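Enquirer: Sequence below, structure please.
(one chain, ligands or ions: 1)
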Amino acid sequence: MAPKDEIDGMSFEQRHGKERVRVGRVWRSREDGRHFFVEWNVSISLLSDCIPAYVRADNSDIVATDTMKNTVRYLLDYCFILDVYVKAKECSEKVSVEEFAILLAKHFTSLYPQVTTAIIKIVEKPWERISISGQPHNHGFKLGSERHTTQVILNKNGNLQLTSGVDGLALLKTTQSGFEGFIRDLNTILPETRERMLATEVSASWRYQFESLQSISRGPLGFTEKYLDVKKVLVDTFFGPPKQGVYSPSVQATLYDMAKAVLARFPDVSSIQLKMPNIHFLPVNLSSKTNPVIVKFEDDVYLPTDEPHGSIEASLSRIRSKM
Ligand SMILES: O=c1[nH]c(=O)c2[nH]c(=O)[nH]c2[nH]1
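Expert: Residues are numbered from 1 along each chain as shown. Next up, the predicted model:
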């Protein structure tokens, strides 16, 4: 990713940045007094022309990460120094995590002549508006589960790679899952089955087809809506219709159906990567010498296990027309 430089007859790559810069932001609606809140964990990585710092002890081209670190603390009071916060303050209207990442990347690549590319990653903490007696609260939030993520890679010349994603989306179904017909050898003890639990924690990231800043023409929260829509397609495809569900012959087949459904539904998504660990729920059969059947497994009592778990991941991309 980083450009390679040749130094002393050797190839050299470098980048520097700041990880885990945390920021919270409240937007207050004047109309109905409702507050909107986001908490973001921002990582910045800059590709920049600062080889002299490595080879000649000349730091004159360095955007210092220590400045950023000190500024994070300072900024609890003053919101105008660290780039992350300057931009957060400038966002008088609520923005999506994708737009904010683009804003930051634009800032770094346009302000510093040395910076050729900015890579911004943001993870949004899942604060959700709370409801009291069925009524959405104006300023109360509780922590949910899955996290909205984004990564923006922006080049000085405007070339853009934009991905959105979801992490920690835990899904489980108690039937309509099996695993049969796999290779059997000396080490195979797993029985074939058409009846098992299926549980996973989906990590997905999908890339938008936009390849430059100019090609993005969305409303202020378009990416948040798209995130919710993609998540819904993933979840709906995993479970199938509410009454009968849909049979899963393997995690692999379900993963592929989910990826295909996203590409079929969203023309502006050019690829999707899915990681779906197979989180096992083992059948419980208990016996002893004196009592051969204490608990007989009848698709009811399971032992949940995190370790080890199956690891299944794949990505699906549109093949670009060569025309
Ligand atoms: O859906 C599954 N895919 C596998 O590759 C696998 N391997 C395994 O032991 N159980 C399962 N289940």
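Enquirer: in the chain, which spans are helices?
Expert: Secondary structure of the chain by DSSP state H: the helices cover 51-55, 65-74, 83-90, 97-111, 222-239, 251-265.
Enquirer: Is the longest one positioned near the ligand?
Expert: No. In terms of Cβ under 6 Å from any ligand atom, no part of helix 222-239 sits within range of the ligand; the closest distance is 12.8 Å. Just so you know, the C-beta spots here come from the backbone N, C-alpha and C atoms, and that holds for glycine as well.
Enquirer: got the contact list for that helix?
Expert: 96-99, 146, 148, 150, 164, 166, 169, 171, 173, 202, 204, 206, 245-246, 254, 257-258, 261-262, 265-266, 269 (Cβ atoms under 8 Å, 6 or more residues apart in numbering).
Enquirer: If we check the ligand, which of these are in contact?
Expert: Near the ligand, judged by Cβ under 6 Å from any ligand atom, there are no entries from the contacts of helix 222-239.
Enquirer: Show me which of those are buried.
Expert: 96-99, 146, 148, 150, 164, 166, 169, 171, 173, 202, 204, 206, 254, 257-258, 261-262, 266, 269 (16 or more other Cβ atoms under 10 Å).
Enquirer: gap between the two ends of stretch 184-200?
Expert: This stretch, stretch 184-200, spans 24 Å end to end (Cα to Cα, to the nearest Å).
Enquirer: tell me the most buried of the helices of the chain?
Expert: Ranked by mean neighbour count, the helices of the chain are led by helix 97-111 with a mean of 21 (mean count of other Cβ atoms under 10 Å).
Enquirer: Report the angle between that one and helix 222-239.
Expert: Note on geometry: by axes from the mean of the first three to the mean of the last three Cα atoms, to 10 degrees, helix 97-111 and helix 222-239 are set 130 degrees apart in direction.
Enquirer: Export helix 97-111 to PDB, keeping only CA atoms.
Expert: Provided in PDB are the C-alpha atoms of helix 97-111 (Å, rounded to 0.1, in the frame of the first residue of the first chain):
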ATOM      1  CA  VAL A  97     -19.100   7.900  10.100                       C
ATOM      2  CA  GLU A  98     -18.200   7.600   6.400                       C
ATOM      3  CA  GLU A  99     -18.600  11.300   5.700                       C
ATOM      4  CA  PHE A 100     -16.600  12.100   8.700                       C
ATOM      5  CA  ALA A 101     -13.800   9.800   7.600                       C
ATOM      6  CA  ILE A 102     -13.800  11.400   4.100                       C
ATOM      7  CA  LEU A 103     -13.700  14.800   5.700                       C
ATOM      8  CA  LEU A 104     -10.700  13.900   7.800                       C
ATOM      9  CA  ALA A 105      -8.900  12.200   4.900                       C
ATOM     10  CA  LYS A 106      -9.500  15.300   2.700                       C
ATOM     11  CA  HIS A 107      -8.100  17.500   5.500                       C
ATOM     12  CA  PHE A 108      -4.900  15.600   5.800                       C
ATOM     13  CA  THR A 109      -4.200  15.200   2.100                       C
ATOM     14  CA  SER A 110      -5.000  18.800   1.300                       C
ATOM     15  CA  LEU A 111      -3.300  20.500   4.200                       C
END
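Enquirer: Can you name every helix or strand that that helix contacts?
Expert: If contacts are counted by 3 or more Cβ pairs under 8 Å, 6 or more residues apart in numbering; DSSP states H and E, helix 97-111 sits against strand 35-48, helix 83-90, strand 115-124, strand 147-155, strand 160-173, helix 222-239.
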